[in-house]
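Colleague: Following is a predicted model, sequence given first.
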Amino acid sequence: MNFEKAFGSMLRVRRVEEAIADRYAEQQMRCPVHLSIGQEAVAVGVCAALRKEDGVFSNHRAHAHYLAKGGDLKAMLAEIYGRENGCCRGVGGSMHMVDLAAGFLGAVPIVGATVPLAVGAAWAAKLRGENRVIAVFFGDGTFEEGVVHESINFAALHRLPILFVCENNLYACYSRIDDRQPDRPIHGVAAAQGCRTFTADGNDVQAVFDVSREAVAGLRSGQGPAFIECATYRWREHCGPNLDDNLGYRPQGELARWESVCPVERAAAFLRAMPDGAALIESAEKQIAAEIADAFAFALEGPLPNSADLPGYLYA
């Protein structure tokens with residue numbers, strides 16, 4: 001993994017989502033947003049182990065996965081603003097992202113809905129004889145959906161080239177995992193269902209990349225599905241741009257502990273210890289700031305969708 005590139009990708013995701021949070025109160029983004037601030041290392045580490053032709057599916061918290069896979073930033077922001085030049089023509093919003101050219105195959109808001117879609121894509125790749133891996137990202141709450149277990153069973157039965165990536169951020173909306181699931185590791189259940197399983201510190205991009213690379217190598221050699229559980233944490237509210245530690249559903253001090261192991265800052269600290277590392281970080285900040293400003297201008301200048309065109313988007 002090119003560590004400098006990985007840092008730049010994480011920083012880009014962080015700054016894009018911070019900009020979305022800053023501008024959300026302007027009431028021009030007419031859709032909900034689910035931010036992944038604090039979780040950037042998982043998306044970047046996994047996608048760094050994939051090829052461009054590999055496919056990725058996401059969920060309602062899709063921005064990081066979309067950007068890490070190479071999705072077009074301008075089209076993403078235009079979509080959030082509901083503009084016709086958005087990645088889904090402005091009719092999908094933040095929870096419906098797609099960029100086929102980058103291999104980002106889709107995201108939908110229904111919890112667990114993209115897991116069987118990803119398994120279907122992996123099955124198609126195997127039937128066609130393609131050396132292609134499909135990855136699907138989901139949270140610990142999604143692991144409580146029956147369709148996930150049905151999908152894992154099917155993937156194991158047919159030895160499909162699919163990578164299941166569980167971003168365990170401890171929460172489903174406002175409910176902590178120990179109030180929802182018994183005291184057992186999520187990856188242990190996946191192992192019992194026939195997956196090769198891996199775990200990683202989800203706030204360490206190098207650690208995520210290392211296990212992802214090993215998992216993907218096994219997929220390409222026909223070893224069957226792999227499952228990675230990454231321990232991480234979302235800093236902001238479940239849905240929206242704000243911090244919500246004041247609501248009291250998080251144990252006191254928990255957010256601060258996770259902020260102290262920020263994935264972006266950990267990578268930055270590593271770079272600062274290298275010759276010219278500080279200059280590299282400063283350059284990345286400037287380039288990303290300029291790109292974000294340009295992308296927001298592009299989004300806001302885009303036309304609104306024409307209602308007469310809406311029926312044309314219903315079917316492929």
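Modeller: Ah, there it is. All of these numbers come straight from a predicted model, not from anything done at the bench. Numbering: from 1, shown residues only.
Colleague: hey, where'd the strands end up in the stretch 101-250 of the chain?
Modeller: 104-107, 134-139, 162-168, 171-172, 175-176, 196-201, 226-231 (DSSP state E, counting those that start in this stretch).
Colleague: Export the ones you listed as JSON lines, with columns for mean pLDDT.
Modeller: Below are those laid out as JSON lines (pLDDT from 0 to 100):
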{"stretch": "strand 104-107", "mean pLDDT": "97"}
{"stretch": "strand 134-139", "mean pLDDT": "98"}
{"stretch": "strand 162-168", "mean pLDDT": "98"}
{"stretch": "strand 171-172", "mean pLDDT": "96"}
{"stretch": "strand 175-176", "mean pLDDT": "97"}
{"stretch": "strand 196-201", "mean pLDDT": "98"}
{"stretch": "strand 226-231", "mean pLDDT": "98"}
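Colleague: Serialize the ones you listed to a markdown table and add fields for distance to Leu243 and mean neighbour count.
Modeller: Every C-beta, even on glycine, is put in place using the N, C-alpha and C of the backbone. A markdown table is the format used below for the strands of the stretch 101-250 of the chain (distance: least, Cβ to Cβ, whole Å; neighbours: other Cβ atoms under 10 Å):
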| stretch | distance to Leu243 | mean neighbour count |
| --- | --- | --- |
| strand 104-107 | 24 | 24 |
| strand 134-139 | 19 | 28 |
| strand 162-168 | 19 | 27 |
| strand 171-172 | 14 | 19 |
| strand 175-176 | 17 | 14 |
| strand 196-201 | 23 | 21 |
| strand 226-231 | 21 | 25 |
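Colleague: Save these as JSON lines, and put in distance to Val216 too.
Modeller: Formatted as JSON lines, the strands of the stretch 101-250 of the chain follow (distance: least, Cβ to Cβ, whole Å):
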{"stretch": "strand 104-107", "distance to Val216": "16"}
{"stretch": "strand 134-139", "distance to Val216": "8"}
{"stretch": "strand 162-168", "distance to Val216": "6"}
{"stretch": "strand 171-172", "distance to Val216": "28"}
{"stretch": "strand 175-176", "distance to Val216": "31"}
{"stretch": "strand 196-201", "distance to Val216": "11"}
{"stretch": "strand 226-231", "distance to Val216": "8"}
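Colleague: nearest to Leu300, of the ones you listed?
Modeller: strand 104-107 (22.7 Å; Cβ to Cβ).
Colleague: Send me the helix or strand encompassing Ala41 as PDB with only the CA atoms.
Modeller: Assigned by DSSP states H and E, Ala41 belongs to helix 40-48. Presented in PDB, the C-alpha positions along helix 40-48 are these (Å, rounded to 0.1, in the frame of the first residue of the first chain):
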ATOM      1  CA  GLU A  40     -12.300   6.500   7.200                       C
ATOM      2  CA  ALA A  41      -9.500   3.800   7.500                       C
ATOM      3  CA  VAL A  42     -11.900   0.900   6.800                       C
ATOM      4  CA  ALA A  43     -13.000   2.200   3.500                       C
ATOM      5  CA  VAL A  44      -9.600   3.300   2.400                       C
ATOM      6  CA  GLY A  45      -7.700   0.200   3.600                       C
ATOM      7  CA  VAL A  46     -10.100  -2.200   1.900                       C
ATOM      8  CA  CYS A  47     -10.400  -0.400  -1.400                       C
ATOM      9  CA  ALA A  48      -6.600  -0.100  -1.500                       C
END
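Colleague: between that helix and strand 196-201, what angle do the directions make?
Modeller: 140 degrees (axes from the mean of the first three to the mean of the last three Cα atoms, to 10 degrees).
Colleague: Can you tell me the number of residues neighbouring Ala290?
Modeller: Ala290: 10 surrounding residues under other Cβ atoms under 10 Å.
Colleague: Doesn't it belong to a helix?
Modeller: Yes. Ala290: assigned to a helix according to DSSP: H, G, I helix; E, B strand; the rest coil.
Colleague: In contact with it, which residues are there?
Modeller: By Cβ atoms under 8 Å, 6 or more residues apart in numbering, no residues touch Ala290.
Colleague: what about it, distance to Tyr24?
Modeller: 21 Å (Cβ to Cβ, to the nearest Å).
Colleague: do Ala279 as well
Modeller: For Ala279 relative to Tyr24 (Cβ to Cβ), the value is 33 Å.
Colleague: which one of these two has more residues nearby?
Modeller: Comparing Ala279 with Tyr24 by other Cβ under 10 Å, the one with more neighbours is Tyr24, at 17 against 10.
Colleague: so that one makes contact with Glu237?
Modeller: No. In this structure, Tyr24 is not within contact of Glu237 by Cβ atoms under 8 Å, at 11.3 Å.
Colleague: Can you get me a residue count around the closest residue in space to Arg234 that isn't next to it in sequence?
Modeller: Leaving out its chain neighbours, the residue that sits closest to Arg234 by Cβ to Cβ, 6 or more residues apart in numbering is Asn169, at 4.8 Å. Asn169: 23 surrounding residues under other Cβ under 10 Å.
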